[in-house]
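A.B. asks: this is a predicted model, with the sequence first.
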Amino acid sequence: MTPDVSNAAVRASGLLQQLALELAFALPDAAAPPAIGAVLDQLATTCAAAPEPIRQAMAACRHWLAHDAARGPLTAETIRAINDWQPWMVAAALAWDRGQPLAGIPAEWAAAVAEAGLSSGGTSGSPAGTANTPVGETLDVAVLPEGFEDEMTELFCAESQDLLQEVEQGVLALERNPADAASIDVVFRVFHTFKGNAGVLKLAVLQRLTHELESVLDAARRGKLVLGREAIDLILAGADVLRRYVAEILAQLAGHNRGRSIPLPIPELITRVQRLLRDRAAAPTAAAKPAASTLAMSTPAPAAVPLTPTPAAPAISLPAPAAPPAPAIMPAAAAPSTPVAAPGSVRVDTLKLDGLIDLVGELVVAQSMVVQSPELTAVGSAQLTRCLGQLRGITSDLQRTAMSLRMVPIGGTFRRMTRLVRDLAVELGKEIDLRLEGEETELDRTLVEELADPLVHMIRNSADHGIEPPAARMAAGKPAAGTITLRAFHQGGFIVIKIEDDGRGLSADRIRAKAVERGLVQPDEPLERTEILDLIFRPSFSTAEQITGLSGRGVGMDVVRRGIEGIRGKVEVASIEGRGTTFTLSVPLTLAIIEGLIVGVGDQRYIVPTLSVRESFRLTANALTTVQGRGEMVEVRGRLTPILRLGGFLGVAGTAAPAAAPEGIVVVVESGQDCRCLVVDDLLGKQEVVIKSLGDMFRGRTAFAGAAILGDGRVGLILDINALVKLKSAAGDAA
């Protein structure tokens, strides 16, 4: 492309942005602002050598204005047409600048050109009057071209993710109640904000797509379109494309193939939107509303394409400029629901936040070492004791405050499941209602991210295996629509998440038969019901009769258990056949601090996560039993449980190490449905400790999950209970 052509395309883009601002002040039944004519004259001169579709679009726009000028003031229909025309021209100017082929102009524009007596020829092989690129065709979009400011782009992505989440939840609410005007307004305003943010970064392709999706919601607001399944699917598909674009931006900002283009089905979506609106326009509609109402819906669109944010905008947001001082767009009371940054909030880089948490942890450890210092204890000063007590209180408050910075509500992750259940219900031909409880429950940001994948697998399992088809449910005397309840709450210093369904439940006999068939258990192996249900978490286990896109390969629930255990949690299952299944996840509040039981073995101390501790008791000689091939066992509540003498296993001399010596304390720990009794010398107390990762020296020591600095400055190793419970009977057990 020659420099002259590129310069002309850039000038055209700038003039189109200026035109958008001028259009914001255009009112129906009033003369066009003089600046519009001046901008169009400059644009016509600039586009004199542009490709044929751009010249035809220019002719159509000038014809609309001339047609209105001959009759008098501008009509609302002309204002709407130019508002639709402007984003198309922005995208066309961008394609012209990059040397990409252009599709023919829409049919209604071609009709205006023909009415004006001008040529209506096409270009680039596109016949005149084609509405857009054919259905199914994609557009290669350059996601992060040169010249983008990384900081501004990161802010755009951060806000876009929040906006798209709000779109998804709003659209799913509209699917249940298509006539809810408040929900329509919310989704419309979210798309409007997204379009304004895209305009700040000059992302013309995204502006065009969001403008078309706005048109669907605009038609619904004006009563000309009922948001049925087709419209809902279309809006969700558009939101998915926007989400994919934002995810690609973040990946490229991280250094992955920066500047590459990705194919997006934007032309197909635009064609589907236009066809939907055209078909609905041809069908009988409700009585038209006054012209002022039409203006209120269409004039905000061009105001969303400024080159820079308004001076009053918050530093972390990319809002569109204020709406023109024309007829009110909506009641003032509705304004606060516009998705903007919360007052006083600030976005902080997660690395900086994690660094702060680490420093606070170090401060707490240092404070504890000072308080427990023998030299200070020997001073015996009342004033010093009061000062140290005050220091302890301040550091504790600081630690709690710092940890709260990492805490986020789990509601965002829960709401993501709403879309998943909706899509699964459509795919499976079922009716499923997802109920969310405890969305305000807070836990560590890292844990929220880690929980997303296990929850997806469990929700898919409940929808596919649990909830029956409507006919089967009605035959069993149940409502046609099944219910999945996702609940979160605090319990004993931990977060408990329950996934409950009212489906067919789990058949213990079928699970056992399938496990025997796959060689996971022996036919004569005695198993309790809880142990049988726990088999669904085994790798490669599945009760599905055939492999489908949702199930059959036996990897989903195995992933769930490994994922939950990886964050020091546990998962349990309970089920009543014919009534439903409940999965219970128990996870710590945070991964940075752990509440642990400190045990002594010889002169060493170890930390056992309290989440894994079931009970403890003193070992007696008559409680010990030796089982052939399984070593020492002890009866715990009527069940023989294997013993692991921790001193012998870790090679630490202690009073409880010799098998002949019954002295010691038993700590019963569990992982899933499995238990093991750890024999230690003493219980030294319970304490919250800051977790430190182990270096390469301990890479092969699977018995340890980390380390912590205790109050006296010594290091205590944190035991990996999952690894210890799953140990086979070996020398360490008998040691």
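C.D. replies: Looks like it came in fine.

A.B. asks: so who does Gly411 touch?
C.D. replies: Neighbour list for Gly411: Leu436, Glu439, Glu440, Thr441 [criterion: CB atoms under 8 Å, 6 or more residues apart in numbering]. Bear in mind the C-beta positions are built from the backbone N, C-alpha and C, glycine included.

A.B. asks: distance of it from Leu443?
C.D. replies: 11 Å (CB to CB, to the nearest Å).

A.B. asks: still on that earlier bit, the contacts of Gly411, buried ones only, as a ChimeraX selection?
C.D. replies: Applying 16 or more other CB atoms under 10 Å to those, the buried members can be selected in ChimeraX as follows:
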select :436,441
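
A.B. asks: and the contacts of Gly411, which of them are in strands?
C.D. replies: Leu436 (DSSP state E).

A.B. asks: between the contacts of Gly411, which is nearest Phe156?
C.D. replies: Phe156 lies nearest to Glu439 out of those, by CB to CB, at 26.6 Å.

A.B. asks: next one: phi and psi at the nearest residue to the closest one once chain neighbours are set aside?
C.D. replies: Distances taken as CB to CB, 6 or more residues apart in numbering place Gly411 nearest to Glu439, at 3.1 Å, with adjacent residues excluded. For Gly411, the backbone dihedrals (degrees, to the nearest 10) come out as phi -60, psi -40.

A.B. asks: equivalent analysis for Arg512, please.
C.D. replies: Dihedral angles for Arg512 - degrees, to the nearest 10 - are phi -60, psi -40.

A.B. asks: may I ask you to confirm that Glu61 is in contact with Trp85?
C.D. replies: No, residue 61 isn't Glu; it's Cys. Yes. Taking CB atoms under 8 Å as the definition, Cys61 is a contact partner of Trp85 at 5.5 Å.

A.B. asks: pLDDT weak spots in the stretch 51-200 of the chain?
C.D. replies: Residues of the stretch 51-200 of the chain that meet the criterion pLDDT under 70 lie in 67-72, 115-142, 144-149.

A.B. asks: shared neighbours, Cys61 and Trp85?
C.D. replies: Between them, Cys61 and Trp85 share no contacting residue, judged by CB under 8 Å, 6+ apart.

A.B. asks: buried ones in stretch 380-398?
C.D. replies: Leu388, Thr395.

A.B. asks: got the contact list for it?
C.D. replies: The set of residues external to stretch 380-398 that reach it, using CB under 8 Å, 6+ apart, is Val360, Leu363, Val364, Gln367, Val370, Val371, Leu376.

A.B. asks: quick check: mean pLDDT across the helix or strand where the last one lies?
C.D. replies: Which is Leu376. In this structure, Leu376 is located in helix 374-377 according to DSSP states H and E. Here helix 374-377 scores 77 as its mean pLDDT.

A.B. asks: only C-alpha atoms, please: export the one helix or strand Gly389 maps to in CSV.
C.D. replies: Secondary structure assignment for Gly389, by DSSP H and E: helix 382-405. Extracted C-alpha coordinates of helix 382-405, given in CSV (Å, rounded to 0.1, in the frame of the first residue of the first chain):
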residue,chain,number,x,y,z
ALA,A,382,5.5,-4.4,83.1
GLN,A,383,5.9,-1.5,80.6
LEU,A,384,7.7,-3.8,78.2
THR,A,385,5.1,-6.5,78.5
ARG,A,386,2.3,-3.9,77.7
CYS,A,387,4.3,-2.7,74.6
LEU,A,388,4.9,-6.2,73.4
GLY,A,389,1.2,-7.0,73.9
GLN,A,390,0.3,-3.9,71.8
LEU,A,391,2.8,-4.9,69.1
ARG,A,392,1.2,-8.4,69.0
GLY,A,393,-2.3,-6.9,68.6
ILE,A,394,-1.1,-4.6,65.8
THR,A,395,0.7,-7.3,63.9
SER,A,396,-2.3,-9.6,64.2
ASP,A,397,-4.7,-6.9,62.9
LEU,A,398,-2.2,-6.1,60.1
GLN,A,399,-2.1,-9.8,59.1
ARG,A,400,-5.8,-10.1,59.0
THR,A,401,-6.2,-7.0,57.0
ALA,A,402,-3.5,-8.1,54.5
MET,A,403,-5.1,-11.5,54.1
SER,A,404,-8.4,-9.9,53.5
LEU,A,405,-6.9,-8.1,50.5
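
A.B. asks: mind listing the strands the helix or strand following that helix pairs with, and their directions?
C.D. replies: With elements assigned by DSSP H and E, the helix or strand that comes after helix 382-405 is strand 407-409. Applying DSSP bridges, strand 407-409 is found paired with strand 442-444 (antiparallel).
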